[in-house]
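1. fold the following, please.
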Amino acid sequence: MEEDLRIRYEAILEINGVKVIDKLVADLLRKIKEKGSILAASRSLGIPYSRAWEIIVRIERLTGKQIIETSRGGRGGGGTRLTSYGSRLLELYSRAEEKLYRLAPSQSMRFVSIEEPDVIVAYSHDPLLEFILGDLERNNYRVEGLCIGSSKALATLALEESDIACIHLYDPVTKTYNKPYIEKQWFSQEVVYLGGYLRELVFAIHPNIKISNIDQILEKIISGELRIACRNKGSGTRNYLDYLINDYIGKHGIESINIVGCEKELYTHTEVVKKITSGKADVGLTIKHLAVSYGLKTIHVTWERYECITLKEKLGKKPVIVFKELLDKKYLSKYIQELTGYRLD
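-> The predicted model follows:
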């Protein structure tokens, strides 16, 4: 028995007592730096692509800073690389690891290989889409879903690290959804629309808050009178919230801004409504379906376009074909009839 026991030492980088980087995370960052791809890095380490994204999102959430950035094409080619902050974190960890190994060398970690998914879907959080992904799995396809927000989802498709991206990014200049952001990624000619739907975006309000219109909400958010539950930067909902706030500030010439709540970013609409329900926030921009499900008051903001896209070269993949069939209006209507705040496009 005793001969099976081993002591292993491991460096850990913490922020305010919370673990941020351990050996697995450091190895992932090193592989991203080496290969210029999150997908290639995750495969090299034998961990699911979705797990790699969970690690990245968690670090960015804890630190409040980006640790990776993506690009497609252009001088030097595209890919994923560490930001200066991400590189700094890895450097700090590597120094600690080197010092530890000089004192107590440890065995390297082992990772269990996993079965390759049939399809990778990167998306912005949406309950209806998750029903559709469940149906895709029931068609006997191995589905890897990455709930990482619209901007990151689009980036994974541009880098060909996902098969499908489902997004809702509003452009205030053209007053349209998604297309301007696809064009910025330099691959608009390669993108194929699979289908989509409309969902109602609302301000969800705690029952104890007395307020009657959007202008009052924005005024009190900007002054700090209302605590807001904020989605993460890069999500379609956060983009729209920033647009609403900046538009209100511009129209009213406001100079003093004291927004309370956005320092803590939330990665799903469920987190937003739970924070309001618990009394830790007063208001939040979210989808009506979940706000009503949690018994919150709502004020209508807009109907937004939620769309799923793929690349021409991926259209022949059987799970992509089936996914497109699941987005057919005849199929969607059965769900939309049961879900508040959705309608066919």
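2. may I see the buried residues of stretch 134-143?
-> By neighbour count on 16 or more other Cβ atoms under 10 Å, the buried set for stretch 134-143 is 135, 136, 141, 143. Yep, even glycine has a C-beta here, placed from its N, CA and C like the rest.
3. how far does it sit from its chain's centre?
-> Relative to its chain's centre, stretch 134-143 lies at 22 Å (Cα atoms, centre = their mean, to the nearest Å).
4. can you tell me what sits against it?
-> Here stretch 134-143 makes contact (Cβ atoms under 8 Å, 6 or more residues apart in numbering) with 115, 116, 117, 118, 119, 121, 133, 318, 319, 322, 323, 326.
5. just give me the closest of the buried residues of stretch 134-143 to residue 55.
-> Nearest to residue 55 out of the buried residues of stretch 134-143 is residue 143 (Cβ to Cβ; 19.9 Å).
6. please name the bridge partners of that closest one.
-> Counting by DSSP bridges, residue 143 forms beta bridges with residue 119.
7. distance of it from residue 307?
-> Distance, residue 143 to residue 307, by Cβ to Cβ, to the nearest Å: 19 Å.
8. before we move on, what about residue 335?
-> 16 Å.
9. residue 188 too?
-> Distance, residue 188 to residue 307, by Cβ to Cβ: 13 Å.
10. who's more crowded, these two?
-> residue 307 (22 against 12; other Cβ atoms under 10 Å).
11. with adjacent residues omitted, what lies nearest to the more buried one?
-> Closest residue in space to residue 307, ignoring its immediate chain neighbours: residue 196 at 3.6 Å, by Cβ to Cβ, 6 or more residues apart in numbering.
12. for the helix or strand where residue 245 lies, give me every contacting residue.
-> Using DSSP states H and E, residue 245 sits within helix 236-252. Identification of contacts with helix 236-252 by Cβ under 8 Å, 6+ apart yields 124, 149-151, 167-170, 172, 201, 214-215, 218-219, 221-222, 230-232, 254, 257, 259, 265, 269, 285-286, 301-302, 304.
13. just the ones of these in strands?
-> Under the assignment DSSP state E, those contribute 167, 170, 201, 230, 231, 265, 285, 286, 301, 302, 304 to strands.
14. SS state for residue 93?
-> Under DSSP: H, G, I helix; E, B strand; the rest coil, the three-state class of residue 93 is helix.
15. now the least confident helix or strand in the chain by mean pLDDT - C-alpha only, CSV.
-> Within the chain, no helix or strand scores below helix 84-103, which has a mean of 79 by mean pLDDT, DSSP states H and E. The C-alpha coordinates for helix 84-103 follow below in CSV (Å, rounded to 0.1, in the frame of the first residue of the first chain):
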residue,chain,number,x,y,z
SER,A,84,0.0,40.8,-22.8
TYR,A,85,-1.9,40.1,-19.6
GLY,A,86,-2.3,36.4,-20.4
SER,A,87,1.5,36.2,-21.1
ARG,A,88,2.2,37.9,-17.8
LEU,A,89,0.1,35.4,-15.9
LEU,A,90,1.9,32.5,-17.6
GLU,A,91,5.3,34.1,-16.9
LEU,A,92,4.5,34.5,-13.2
TYR,A,93,3.3,30.9,-13.0
SER,A,94,6.3,29.5,-14.9
ARG,A,95,8.7,31.3,-12.5
ALA,A,96,6.9,29.8,-9.5
GLU,A,97,6.9,26.4,-11.1
GLU,A,98,10.6,26.6,-11.9
LYS,A,99,11.4,27.5,-8.3
LEU,A,100,9.2,24.7,-7.0
TYR,A,101,10.8,22.1,-9.3
ARG,A,102,14.2,23.0,-8.1
LEU,A,103,13.1,22.2,-4.6
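16. excluding chain neighbours, what is closest to residue 212?
-> That would be residue 299: by Cβ to Cβ, 6+ apart, it lies 7.8 Å from residue 212.
17. what about residue 187, how many residues nearby?
-> Residues near residue 187, counting by other Cβ under 10 Å, number 19.
18. how close does it sit to residue 70?
-> Per Cβ to Cβ, residue 187 is found 12 Å from residue 70.
19. what sits in contact with each of the two?
-> Common contacts of residue 187 and residue 70 (Cβ under 8 Å, 6+ apart): residue 158.
20. residues in contact with residue 19?
-> The contact partners of residue 19, by Cβ under 8 Å, 6+ apart, come to 12, 13.
21. surely it is within a strand?
-> Yes: Residue 19: assigned to a strand according to three-state DSSP.
22. circling back: closest to residue 128 among the ones in strands among the contacts of helix 236-252?
-> Distances from residue 128 to the ones in strands among the contacts of helix 236-252, taken by Cβ to Cβ, are shortest for residue 304, at 12.7 Å.
23. partners of the closest one in the sheet?
-> Beta-bridge partners for residue 304, by DSSP bridges, are residue 199.
24. one more: the one 5 residues further on?
-> Each beta-bridge partner of residue 309 is listed here, defined by DSSP bridges: residue 165, residue 193.
25. surely it meets residue 157?
-> Yes: Residue 309 is within contact range of residue 157, at 6.9 Å (criterion: Cβ atoms under 8 Å).
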